[in-house]
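In: The sequence and its predicted three-dimensional model are supplied below.
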Amino acid sequence: MADLASRITQPGVQASEPVAVEAEKPAEEASKLLENNYDVEVQLSDIQNNTDNPLGSVHTFDELGLPENVLKGLRALGFQKPSKVQEKALPLMLSDPPRNMIAQSQSGTGKTAAFVTTVLSRVDATKPSQPQALLLAPSRELARQIQTVIGQIGQFIPDLPVVAAIPGAIPRDTGRVDKSIVVGTPGTVSDLIKRRQFDVSQLRVLVIDEADNMLDQQGLGDQCTRVKKMLPKDVQVLLFSATFPEKVMKYATQFAPNANVIKLKTQELTVKGISQMYMDCPSEADKYDILCKLYGLMNVGSSIIFVKTRESASQIQQRMTNDGHKVSVLHGAYEGSERDALLEEFRSGRSKVLITTNVLARGIDVSTVSMVINYDIPMKGAGDRMHDTETYLHRIGRTGRFGRVGVSITFISDKKSYDALNAIAVDLGIDLVALAPDDWDETELQVQRIIKSSRAQAEFVPSG
Ligand code: ADP
Ligand code: MG
């Protein structure tokens, strides 16, 4: 395999040098560590002052012309400065007459707050029971999360009218969607409109999060198109994602005509705070033991393990539980309310390991996640023959949120998975660090070194 390793470096060689930054640790430990690393400590404010960084900006929220009660909400969340996508997209989205927007920005850079702020600034508070804004997401978990963010940024808007339109939330036939802000999944929303439970005649804004996924996938794409056709012609369309493959971008520009477009270059796609590694497993059958070894050795905070099928998710959960690990599993076979409870358990830290499928690959924001494992490398297309660079990027993006650091470890076990990882690395123009399954001291050292740090020095150049 060595001949293919152009993009994959050997153990000990750090591709994008992670920096040990010690903050957000328990008090006494932190003080000791801060002392040791005093001169490399990087605060979010430092990162945000660097305008080349995706989190940096020259402006403040106060300059963006937002309503006072929305500004208050952002302040209450501790958002000191807008990120780059917020700084660039907000004035464009808020300008009158409204214009469509296609915005791409790396995972964990605050896209949600950008569109939520726009929605909150656009709805007419005097008509709280008239649907005015519709936000669509690919999973119930993401829809719920967006609903929560609306509640947080909108906490100073009296009786904030927001409702989720996800499976099971609104009684079939009898229920009505009677809140000005509606967050949902496309299938449920499309059903509600068709059954006339959801009056869309006054909708002003349509937000589609994870838009490339939402417009591309057979099922979701059809549903989104169907929903859009039922909306007023002049609705403002806002499309957001970390990835917009060429093919989808074409369709996106038809879906959101004459849009302002914010795009990333290929080399900007990866988040510098995420250290990408891979584990070369002798065979598929060895992957499970290696996974357990990894968890036996490491104290990693919260982590997510991505697998291909629901069955293998449940199997791994069973085996890890039997081996004494406390793990949760979440996938599409679970009931909606069960899924909500499982994710809540993970968010709160009561459960530290979450095993899941692609259903949670996108959007989920849990800042304590410091490690993502691709137990099965993401593949797509007929017979799963194509490597799936977008899903890879979204999965690893569950860590390294808003300037934090994280580790991703992708398991490979044969030529197919090795080739796929190599192709992903070429697509993204990145190097990955190899971890050896027979050198656990070194593996532990490498992973812990990164996880122990809390903010990435990503692209930060000290001024002094
Ligand atoms: P994305 O959708 O771009 O992947 P999110 O919208 O989920 O990212 O935001 C990631 C995290 O960053 C969230 O926890 C959010 O609270 C935080 N965040 C967003 N904007 C800011 C800001 N301006 N300042 C500080 N934190 C922010
Ligand atoms: Mg998001």
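Out: Sure, I can see it. Ligands and ions are numbered 1, 2, ... in the order given.
In: Can you report phi and psi for the one residue in the stretch 351-464 of the chain that gets nearest to ligand 2?
Out: Closest residue of the stretch 351-464 of the chain to ligand 2, CB to the ion: residue 363 (4.4 Å). Placement of C-beta: from N, CA and C, glycine included. Backbone geometry at residue 363, expressed as degrees, to the nearest 10, gives phi 80, psi -30.
In: Quickly find the element holding the closest residue to it other than its chain neighbours.
Out: Spatial nearest neighbour of residue 363, excluding adjacent residues (CB to CB, 6 or more residues apart in numbering): residue 142 at 4.0 Å. Assigned by DSSP states H and E, residue 142 belongs to helix 140-153.
In: what comes into contact with the next helix or strand after that helix?
Out: Following the chain from helix 140-153 toward its C-terminal end, the next helix or strand by DSSP H and E is strand 162-165. Strand 162-165 is contacted by residues 140, 143-144, 147, 150-151, 154, 169-170, 177-185, 188-189, 192, 198 when judged by CB atoms under 8 Å, 6 or more residues apart in numbering.
In: out of these, which are buried?
Out: For the contacts of strand 162-165, a burial check counting by 16 or more other CB atoms under 10 Å picks out 140, 143-144, 147, 150, 154, 169-170, 177-185, 188-189, 192, 198.
In: Narrow the residues you listed to those in helices?
Out: Using DSSP state H, the members of the buried ones among the contacts of strand 162-165 that fall within helices are 140, 143, 144, 147, 150, 188, 189, 192.
In: and the closest residue to ligand 1 within the stretch 151-300 of the chain, how many residues sit next to it?
Out: Per CB to the nearest ligand atom, residue 242 is where the stretch 151-300 of the chain lies closest to ligand 1, at 6.3 Å. By the criterion of other CB atoms under 10 Å, residue 242 has 24 neighbours.
In: ok, it - contacts?
Out: The neighbourhood of residue 242, defined by CB under 8 Å, 6+ apart, consists of 104, 105, 106, 107, 111, 269, 393, 394, 397.
In: Roughly how far does the first one sit from ligand 1?
Out: Spelled out, that is residue 104. 10 Å (CB to the nearest ligand atom, to the nearest Å).
In: Equivalent analysis for the fifth one, please.
Out: Remark: distance between residue 111 and ligand 1 (CB to the nearest ligand atom) = 3 Å.
In: And that residue, what's its pLDDT?
Out: We have a pLDDT of 98 for residue 111.
In: didn't it look like it was pressed against residue 88?
Out: No - if you go by CB atoms under 8 Å, residue 111 and residue 88 don't touch, sitting 11.5 Å apart.
In: Looking at those two, which is more packed in?
Out: residue 111 (24 against 18).
In: The residue nearest to that one when sequence neighbours are not counted in helix, strand or coil?
Out: Ranked by CB to CB, 6+ apart and with sequence neighbours excluded, the top spatial neighbour of residue 111 is residue 240, at 4.7 Å. Of the three states, residue 240 takes strand according to DSSP: H, G, I helix; E, B strand; the rest coil.
In: how many other residues sit next to residue 240?
Out: With other CB under 10 Å as criterion, residue 240 counts 26.
In: That one: what's it in contact with?
Out: By CB under 8 Å, 6+ apart, the contact list for residue 240 reads 103, 104, 105, 111, 114, 115, 207, 208, 209, 210, 211.
In: repeat that for 6 Å
Out: 103, 111, 115, 209, 211 (CB atoms under 6 Å, 6 or more residues apart in numbering).
In: can you tell me which of these are in helices?
Out: If you go by DSSP H, the contacts of residue 240 have 111, 115, 211 in helices.
In: Quick check: which of those are also close to ligand 2?
Out: residue 111 (CB under 5 Å from the ion).
In: Next, residue 347: secondary structure please.
Out: Residue 347 is classified as helix under three-state DSSP.
In: how much space between it and residue 333?
Out: Distance of residue 347 to residue 333, computed by CB to CB, to the nearest Å: 21 Å.
In: Mind checking which of those two has more residues around it?
Out: Neighbour count, other CB under 10 Å: between residue 347 and residue 333, residue 347 has more, with 20 against 14.
In: which residues in the stretch 151-300 of the chain form strands?
Out: For the stretch 151-300 of the chain, the strands defined by DSSP state E, counting those that start in this stretch cover 162-165, 181-184, 205-209, 236-241, 260-262, 274-280.
In: can you give me the angle the third one makes with strand 236-241?
Out: Using axes from the mean of the first three to the mean of the last three CA atoms, to 10 degrees, one finds that strand 205-209 and strand 236-241 are set 10 degrees apart in direction.
In: Quick one: residues in contact with strand 205-209.
Out: 115, 119, 122, 133-137, 214, 235-240.
In: Any of these buried? List them.
Out: Buried subset of the contacts of strand 205-209 (neighbour count, 16+ other CB under 10 Å): 115, 119, 122, 133-137, 214, 235-240.
In: In the residues you listed, find the pair that's most separated.
Out: Using CB to CB, the buried ones among the contacts of strand 205-209 span at most 20.6 Å, a distance reached by 122 and 214.
In: Give me the residue at the spatial middle of this structure.
Out: residue 363 (3.2 Å; CA atoms, centre = their mean).
In: Next one, pLDDT for that residue please.
Out: We note a pLDDT of 98 for residue 363 in this prediction.
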